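K.L.:
have a look; sequence and predicted model below, questions after that.
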Amino acid sequence: MTPPRILILDAEPVVRSVVAAILEHGGYKVDQAATVPAALDVVERRQTDLLLTNVYLPGMTGRQAVDMFKRTYPELPVLMVSGLPDSDVIEEWVGQPGFDTFPKPFGAQELLDKVHSILDESHHS
């Protein structure tokens, strides 16, 4: 079975590379994108099992980005990484199917556990 493929959407290259290293170490395939159009392009071109995005992106909020992805790819699970002050941005998404949030800062194992549980859920629903 091929390992699940995760797309990291974050404007910060350092954040992307750190998260990518954690996920790759956990056995996942990883794609990276700095912008929503680049991320949509990746999802169009190859199977993506999970979108991991930041709450704040250049030119739009993560919520707007999630809206765009969910319109085109309603089945794609989304994990939004967020600092505590971001909670108002994501409030209306909490509890939506295929959407989850994850607090910053986080440890590598916590992230891997969270990703594993989301992918596990999406394959059993």
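P.N.:
The structure has been received and is ready for your questions.
K.L.:
mind checking how far residue 47 is from residue 10?
P.N.:
Relative to residue 10, residue 47 is positioned 21 Å away (Cβ to Cβ, to the nearest Å). No exception for glycine: its C-beta is placed from N, CA and C like everyone else's.
K.L.:
tell me which of the two has more neighbours.
P.N.:
The neighbour count for residue 47 versus residue 10, taken as other Cβ atoms under 10 Å, is higher for residue 10 (24 against 9).
K.L.:
let me see the contact set for the closest residue to the more buried one other than its chain neighbours.
P.N.:
Leaving aside its chain neighbours, residue 10 sits nearest to residue 54 (4.5 Å; criterion: Cβ to Cβ, 6 or more residues apart in numbering). Shown in contact with residue 54 (Cβ atoms under 8 Å, 6 or more residues apart in numbering): 9, 10, 11, 12, 15, 62, 80, 81, 82.
K.L.:
do residue 26 as well
P.N.:
112, 115, 116.
K.L.:
okay, it and residue 101: tell me how far apart.
P.N.:
19 Å.
K.L.:
tell me which of the contacts of residue 26 is nearest to residue 76?
P.N.:
For the contacts of residue 26, the minimum distance to residue 76 (Cβ to Cβ) is 13.8 Å, reached by residue 115.
K.L.:
burial check on residue 101, number of neighbours?
P.N.:
19.
K.L.:
can you pull the contacts of the residue nearest to residue 58 when sequence neighbours are not counted?
P.N.:
Leaving aside its chain neighbours, residue 58 sits nearest to residue 11 (5.1 Å; criterion: Cβ to Cβ, 6+ apart). By Cβ under 8 Å, 6+ apart, the contact list for residue 11 reads 34, 35, 54, 56, 57, 58.
K.L.:
please repeat the previous calculation with a cut-off of 7 Å.
P.N.:
34, 57, 58 (Cβ atoms under 7 Å, 6 or more residues apart in numbering).
K.L.:
do the same with residue 100
P.N.:
Residues counted as contacts of residue 100 (Cβ under 7 Å, 6+ apart) are 79, 118.
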